[in-house]
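Peer 1: fold the following for me, if possible:
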Amino acid sequence: SSSIITFFPSAQPSRTSRVASKMTRFQMENNGEQIKKFVFGKQNTTEPAEKLEIVIPELLLPGYSFYTWPSAPILAWFLWERRLSLINKRVLELGAGTALPGILAAKCGAHVTLSDCTTLPKTLQHIQRCCRLNGLAPGKDIEVIGLTWGLFLDQIFQLGPVDLILGSDIFYDPSVFEEILVTVSFLLEANPQAKFLFAYQERSADWCIETLLKKWNLSCNVISLDNLSAELGVDPQELMGNHTIHLLEVTRRS
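Peer 2: Now for the predicted structure:
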């Protein structure tokens, strides 16, 4: 049977507690599916405050794209803090998977296109389900497309202007690094004012994209997460759990 889990960080900073430390569970009908509910807004307050709830269905299936990886809530909280700047922005999420950051951007008023590998139709169908569960109709309120890194097919040429490109834990294997960056380089060349914002879970100290950034005329800045959502009563360390997560911004070299 399936369950629903609500994720909201504790207001008390703790390096050992996990973001899932507070949760409610109840059974769902769909076997093999777990629904996670992420709550964005000021934590543990009785004051009227803006709040956004996003539900993400996860499936117990092989593959990376049916699970919300730890980088996604980090990127989503960063976007939530800057939600007013998202209004009417044109946002593209690469390797969206369960699409938590992209869905949040859409709920905050951005024009969002969610993308994942063209050859993974079940993944694209699952992204559409994630959208519908959050009141976003694919093709109307949000776009879902197949876009394969490193391949310049019709989908990438048919994209309109883009202001912000998102990626959440898409640098999971060195074999895909250049495919991602050549795609980003193409998009930033077509949209020189755009930025590529991605959250990255450190898996090996030996992995590096510096040479590839230079090759594809890109520059990268690390964004500090020290004060992420501090005013909202959220502890970044608790969000990360036992993981080391970085947030980076890539632009075209001037």
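Peer 1: quick one: the helices in the stretch 51-200 of the chain?
Peer 2: Taking DSSP state H, counting those that start in this stretch, the helices of the stretch 51-200 of the chain run over residues 71-81, 100-107, 121-133, 154-157, 177-190.
Peer 1: next one: stretch 183-203 to chain centre, how far?
Peer 2: Between the centre of stretch 183-203 and the centre of its host chain there is 13 Å, according to C-alpha atoms, centre = their mean, to the nearest Å.
Peer 1: also stretch 69-87?
Peer 2: On C-alpha atoms, centre = their mean, the centre of stretch 69-87 falls 8 Å from the chain's centre.
Peer 1: straight-line length of that stretch, end to end?
Peer 2: End-to-end span of stretch 69-87 (C-alpha to C-alpha, to the nearest Å): 26 Å.
Peer 1: re earlier: among the helices of the stretch 51-200 of the chain, show the one with the smallest mean pLDDT.
Peer 2: Averaged per stretch, pLDDT over the helices of the stretch 51-200 of the chain is lowest on helix 154-157, reaching a mean of 89.
Peer 1: tell me which of the helices of the stretch 51-200 of the chain is the most buried.
Peer 2: helix 100-107 (a mean of 28; mean count of other C-beta atoms under 10 Å). Bear in mind the C-beta positions are built from the backbone N, C-alpha and C, glycine included.
Peer 1: picking up where we left off before, any chance of CSV for the helices of the stretch 51-200 of the chain, columns distance to residue 56?
Peer 2: As requested, the helices of the stretch 51-200 of the chain are exported to CSV (distance: least, C-beta to C-beta, whole Å):
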stretch, distance to residue 56
helix 71-81, 9
helix 100-107, 6
helix 121-133, 6
helix 154-157, 24
helix 177-190, 23
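Peer 1: nearest to residue 55, out of those helices?
Peer 2: Evaluated over the helices of the stretch 51-200 of the chain, closeness to residue 55 peaks at helix 121-133, with 5.1 Å, by C-beta to C-beta.
Peer 1: run through who's touching the closest one.
Peer 2: Outside helix 121-133, the residues that touch it by C-beta atoms under 8 Å, 6 or more residues apart in numbering are 35, 55-57, 59, 61, 63, 65-66, 96-99, 103, 106, 114, 116-117, 137-138, 141-142, 144-146.
Peer 1: check the secondary structure at residue 35 for me.
Peer 2: When classified by DSSP: H, G, I helix; E, B strand; the rest coil, residue 35 comes out as strand.
Peer 1: from residue 246, how far out is it?
Peer 2: As judged by C-beta to C-beta, to the nearest Å, residue 35 and residue 246 stand 28 Å apart.
Peer 1: how much space separates the spatially most central residue of the chain from residue 111?
Peer 2: The centre of the chain sits closest to residue 101, judged by C-alpha atoms, centre = their mean, with a distance of 3.6 Å. For residue 101, the distance to residue 111 equals 15 Å [C-beta to C-beta].
Peer 1: what about the stretch 1-150 of the chain, any weak spots by pLDDT?
Peer 2: Residues of the stretch 1-150 of the chain meeting the criterion pLDDT under 70: 1-31, 44-49, 61-64.
Peer 1: 90 instead, please
Peer 2: Filtered on pLDDT under 90, the stretch 1-150 of the chain yields the residue ranges 1-33, 41-50, 59-67, 69-70.
Peer 1: do the stretch 151-254 of the chain as well
Peer 2: For the stretch 151-254 of the chain, applying pLDDT under 90 flags the ranges 151-155, 172-175, 201-210, 225-244, 246, 254.
Peer 1: okay, strands next: where are they in it?
Peer 2: For the stretch 151-254 of the chain, strands defined by DSSP state E, counting those that start in this stretch occupy the ranges 164-168, 195-201, 218-223, 245-252.
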